[in-house]
Structure formats: C-alpha cells, structure tokens
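Undergrad: Predicted structure and sequence below. I'll ask about it afterward.
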Amino acid sequence: MASSQCCENPPTLSSTCGQGCVEDVGGLKAYITGPSDSKLAVLLVSDVFGYEAPNLRKLADKIAAAGFYVVVPDFFYGEPYELNNPNRPIADWKKDHGTDKGTEDAEAVVAALKSKGISAIGAAGFCWGAKVVVELGKQSLINAAALCHPSFVTVDDIKEVKTHMAILGAEIDRASPPELEKQFEEALSAKAEVDSFVKIFPGVEHGWTVRYSDDDEAAVKKAEESHQDLLGCFTKYVK
C-alpha cells in the first residue's frame, strides 16, 4: 500500500546534480554514472519524485565508485510528482504513472543493458520503485533486488520472487510497517533457492534512504548505513 509518507520531504530536483550524464537507455532518459566498460550494472528505480533527486544521484555515484555501471531512468517522462501542485493530486498523478507501465519500461532498460554486453544486473527500488523491482525479480531478469521502504508490495508479490533480495525497512513506516516486512522475511526464508536479507532501521521514517537533509547528521548516518547495505548486496550477487 501507499501512504502520505510517500510524498513527504520532497527533494529539490536538479538536472545538473551528480557526476554522471543523461543519456537514452531503452527509450528513456536516464542518469548514467560509472565505468562505461563495466559488465556489471545497477538499476535504480526512484520514488515518485523521480530521477533528478540529488540524494538519489549521489547514491548512484557512490555505487558507481565500486565499479558498477549505474542507470537511473526517468520513468515519469519529465513529470515527477509535485507535492505543491494543487491541480495534480497524487491519485491523479498515479493514474498516468503506474507501476505497471514502470515495469514495462524497466524491462526495456534491462534488455538494453544486456544488449550492450552487461552480464549481471542488480536493481534497487525506492518506495514506488520497489514494486517495479519486485516485478523484475519475479521474472529473473536481474541477479539481485533491493527494496528500500517499499510501497505497493504485497506478501504474495514476495512469494513469487525468484532472485536474491534485500529489504531495508523503516521502523516508522505506514506504507510497509515492520509487521508487514516481517511477513516478507518469512516468505523469503521459505524459498531455499533465494538468499535474503531483511533489516528494519530503528527510529527512521519511510523515505529515509534518499530523502534526508544533509544538515541532519543522524539522518545522514542512517542513510549511509543503508547505502552500505545496498552496496553489500550488489557486491555479493552482481558479479
């Protein structure tokens, strides 16, 4: 499910943030960073605020520094959700930017990466993006999946996953509360063919991995801890 937390703490978007560049991948504009000759890729699927979120791009650069070719597509075709736009409430926005369409686009991006010689792919989804990543994991299109404070993901979804998965949850999360993520953990534990890692971060709220303030030292520290967990997942399974 989704909650009002999915739309809180919106980032100030910037088309110029990050160390990478914007290119077309699989028919979508995408922020690209990391070694272009790498055979290992990581796909980051944003929350509703889209691919120009500075903290998301900083995370992409951090993952790229470990040797991965990182792709952050614009799944919203230049129309990320705007919290203060009274003419475009979230319910209306989601009608045009559903996770079904996001999944189709992500499949095209994965195919494009494989066509250029990428041999292994990891994917991380944030809030809205987590549902998209789960759908990729159901089809074994990726080698590792990571969900950060997921929205719209159900236990039945998790039961269908065929790829290794990490779930990073928040203690204070109405979209995916700890009780639900414990059910995710149980469902994953029952799958002998899938390695899994579920971690609930105490004292943080939905969105903490990418929607933190640089001025909040404690928030930055928690976010960085989650980033290390993400990188650990990709280092272990995307090779």
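TA: Ah, there it is. Please read these numbers as outputs of a predicted model, since none were measured by experiment.

Undergrad: make it CA atoms for all contacts and neighbour counts henceforth
TA: Fine.

Undergrad: what ranges do the helices span in this structure?
TA: 54-64, 90-96, 99-115, 128-138, 155-159, 178-189, 217-237 (DSSP state H).

Undergrad: Most tightly packed of the ones you listed?
TA: Stretch with highest mean neighbour count among the helices of the chain: helix 128-138 (a mean of 26; mean count of other C-alpha atoms under 10 Å).

Undergrad: quick one: that one to helix 99-115, angle?
TA: Here helix 128-138 points in a direction 60 degrees away from that of helix 99-115 (axes from the mean of the first three to the mean of the last three C-alpha atoms, to 10 degrees).

Undergrad: elements contacting helix 128-138?
TA: strand 40-45, helix 99-115, strand 120-126, strand 144-148, helix 155-159 (3 or more C-alpha pairs under 8 Å, 6 or more residues apart in numbering; DSSP states H and E).

Undergrad: Go through the ones you listed and name the closest to Val25.
TA: helix 99-115 (5.9 Å; C-alpha to C-alpha).

Undergrad: helices and strands around that closest one, which ones?
TA: Here helix 99-115 touches strand 21-25, helix 128-138, going by 3+ C-alpha pairs under 8 Å, 6+ apart.

Undergrad: can we see that at 7 Å?
TA: helix 128-138 (3 or more C-alpha pairs under 7 Å, 6 or more residues apart in numbering; DSSP states H and E).

Undergrad: pull the CA atoms of the helix-or-strand element of the chain with minimal mean pLDDT into CSV?
TA: Lowest mean confidence among the helices and strands of the chain (mean pLDDT, DSSP states H and E): helix 90-96, at a mean of 92. C-alpha atoms of helix 90-96 as CSV (Å, rounded to 0.1, in the frame of the first residue of the first chain):
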residue,chain,number,x,y,z
ILE,A,90,-1.2,12.1,-6.1
ALA,A,91,-4.2,10.0,-7.0
ASP,A,92,-4.4,11.7,-10.4
TRP,A,93,-0.7,11.6,-11.0
LYS,A,94,-0.5,7.8,-10.3
LYS,A,95,-3.2,7.1,-12.9
ASP,A,96,-0.7,8.3,-15.5
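
Undergrad: which other residues reach it?
TA: Defining contact as C-alpha atoms under 7 Å, 6 or more residues apart in numbering, one finds that helix 90-96 is touched by Tyr81.

Undergrad: tell me how far that helix is from the chain's mean position?
TA: In terms of C-alpha atoms, centre = their mean, to the nearest Å, the centre of helix 90-96 is set 19 Å apart from its chain centre.

Undergrad: In terms of mean pLDDT, which of the helices of the chain ranks lowest?
TA: Mean pLDDT values for these show the minimum at helix 90-96, a mean of 92.

Undergrad: ok, Val155 touching Phe184?
TA: Yes. Between Val155 and Phe184 there is a contact under C-alpha atoms under 7 Å: 5.8 Å.

Undergrad: Serialize the helices and strands packed on helix 128-138 to TSV and add fields for distance to Trp93.
TA: Listed next are the helices and strands packed on helix 128-138 as TSV, based on distance: least, C-alpha to C-alpha, whole Å:
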stretch	distance to Trp93
strand 40-45	17
helix 99-115	12
strand 120-126	17
strand 144-148	22
helix 155-159	24
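
Undergrad: Select, out of the ones you listed, the one closest to Pro73.
TA: Ranking the helices and strands packed on helix 128-138 by distance to Pro73, with C-alpha to C-alpha as the measure, places strand 40-45 first at 7.0 Å.
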